[in-house]
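Engineer: sequence first, predicted model second:
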Amino acid sequence: MTHLDVFAPDGIGEIVAGTDLAAVVAEHVPDGLRDGDVVVLTSKVISKAEGRVVPGDREQAIRDETVRLVARRGPTSIVENHLGLVMAAAGIDASNVEPGMLVLLPLDPDETARSIRASLLARTGRNVAVLVSDTAGRAWRHGQTDLAIGAAGIEPLVSFEGSTDGYGNELAVTAPAVADELTGIAEVVTGKLGGRPLTVLRGLPGIVLPAGEHGPGARSLVRESEMDMFGLGSREAVVAALSGDRHGFGSPASTGDLLAALADCGFAVTADERGVLVDAAADDVRLTVLLVAYGWGTGGSLDSRTLVAPLS
């Protein structure tokens, strides 16, 4: 039987620029840390300790922190920020802070997690894992949950690819995002209004890496853009395709996928020794948009038809 204890101590108080967070953890964990504990700190206290609380205009701050716009609906912007995370408002928060101030995400939460972990080992002699959590929405579902944006001393993702279940079925894509699961558990006891930015999970010592081995960090959980099937909002995908911007559409689609899309849009397609030929002019806007979205290009016109091929 596996038994998991999760607790978030009270009485931590306000965190300000320069606060030694390792000291805060060591001082506020009842009965002290134990080897194999998982320490979860909210990104907000990391940002406060690192001086990432700034005055200013929220919209300008979002623009400053944005690498790429993913989708916008009215006042809500979903963007990719400098950490590679896709979040509403670039992860900028204005809660639990003085009016008029904004909390930016840490510059490098993985490095911060590694630093706090090393400091805790030096201070307490205990080998623990450290996670930095932040709140994010999810596609297809209402509400938010916490996920890990920083990690040290743990493998953030565990792949079961190639393993078999109890019925002998081979697992192909099962890969629990353990770091995200743990921060989600931590948020249940941390809450949003209780002033408890620290959570300790105890009872899973087997997932904590040996001292000095920090693991790949939470950045490894960010899906590569060429593998992202939802890299743009629906409106933004239309604009990108019409403007010829291929970013966000991933790797070139297979021939079968393109042929199916062309058929759905009413195009007649033939194939011969020269390749795939579409009965449309190369400057047909519908064909142009489809080719941009599917990562294909034109190779010239032949007999009122357009030769198309995947881009390298």
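Structural biologist: Looks like it came in fine.
Engineer: measure the residue lying closest to residue 222 once chain neighbours are set aside to residue 10 for me?
Structural biologist: The shortest distance from residue 222 to any non-neighbouring residue, by C-beta to C-beta, 6 or more residues apart in numbering, is to residue 84 (4.2 Å). (Each C-beta comes from the backbone N, C-alpha and C, glycine too.) Distance, residue 84 to residue 10, by C-beta to C-beta, to the nearest Å: 34 Å.
Engineer: now do residue 208
Structural biologist: Taken as C-beta to C-beta, the span from residue 208 to residue 10 is 25 Å.
Engineer: and residue 39, by the same measure?
Structural biologist: In terms of C-beta to C-beta, residue 39 sits 16 Å off from residue 10.
Engineer: residue 177: how many residues sit nearby?
Structural biologist: 16 (other C-beta atoms under 10 Å).
Engineer: and the residue lying closest to it once chain neighbours are set aside, how far from residue 203?
Structural biologist: In this structure, residue 177 finds its nearest non-sequential neighbour in residue 157, 5.4 Å apart by C-beta to C-beta, 6+ apart. Per C-beta to C-beta, residue 157 is found 20 Å from residue 203.
Engineer: on that earlier part again, wait, the residue nearest to residue 177 touches residue 218, no?
Structural biologist: No. With contact defined as C-beta atoms under 8 Å, residue 157 and residue 218 do not form a contacting pair (9.6 Å).
Engineer: returning to what we had before: neighbour-wise, which of residue 84 and residue 10 wins?
Structural biologist: residue 84 (16 against 10).
Engineer: so what's that one up against?
Structural biologist: 67, 219, 222 (C-beta atoms under 8 Å, 6 or more residues apart in numbering).
Engineer: if any of these are buried, put those into a PyMOL selection.
Structural biologist: Buried subset of those, written as a PyMOL selection, criterion 16 or more other C-beta atoms under 10 Å:
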select buried, resi 219
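Engineer: that older thread, so the residue nearest to residue 177 sits in a helix?
Structural biologist: No. Assessed with DSSP: H, G, I helix; E, B strand; the rest coil, residue 157 is coil; it does not lie in a helix.
Engineer: give me phi/psi at it?
Structural biologist: Dihedral angles of residue 157 (phi, psi; degrees, to the nearest 10) stand at phi -130, psi 140.
Engineer: what's the burial count for it?
Structural biologist: 17.
Engineer: only the buried residues of stretch 290-302, if you could.
Structural biologist: 290-298.
Engineer: need the distance between the two termini of that stretch.
Structural biologist: Terminal residues of stretch 290-302 lie 19 Å apart, using C-alpha to C-alpha, to the nearest Å.
Engineer: what does that stretch contact?
Structural biologist: 237, 240-241, 244-246, 249-253, 257-258, 261-262, 265, 274-275, 277, 281-282, 306-311.
Engineer: please apply the same query to stretch 304-312.
Structural biologist: In contact with stretch 304-312 (C-beta under 8 Å, 6+ apart) are residues 246, 252-253, 255, 258, 270, 274-282, 284, 287, 291, 295-301.
Engineer: report the distance from it to the chain centre.
Structural biologist: 35 Å (C-alpha atoms, centre = their mean, to the nearest Å).
Engineer: now stretch 230-240
Structural biologist: 18 Å.
Engineer: and stretch 122-131, by the same measure?
Structural biologist: With C-alpha atoms, centre = their mean, you get 25 Å for stretch 122-131.
Engineer: ok, now stretch 115-123?
Structural biologist: 26 Å.
Engineer: circling back: now flag whichever of the contacts of residue 84 is closest to residue 109.
Structural biologist: residue 219 (8.6 Å; C-beta to C-beta).
Engineer: from residue 90, how far off is the residue lying closest to residue 225 once chain neighbours are set aside?
Structural biologist: Distance criterion C-beta to C-beta, 6+ apart; nearest residue to residue 225, sequence neighbours excluded, is residue 231 at 6.0 Å. As judged by C-beta to C-beta, residue 231 and residue 90 stand 16 Å apart.
Engineer: what are the buried residues along stretch 184-199?
Structural biologist: Neighbour-count burial for stretch 184-199 [16+ other C-beta under 10 Å]: 184-187, 190, 196-199.
Engineer: fine by me, thanks again.
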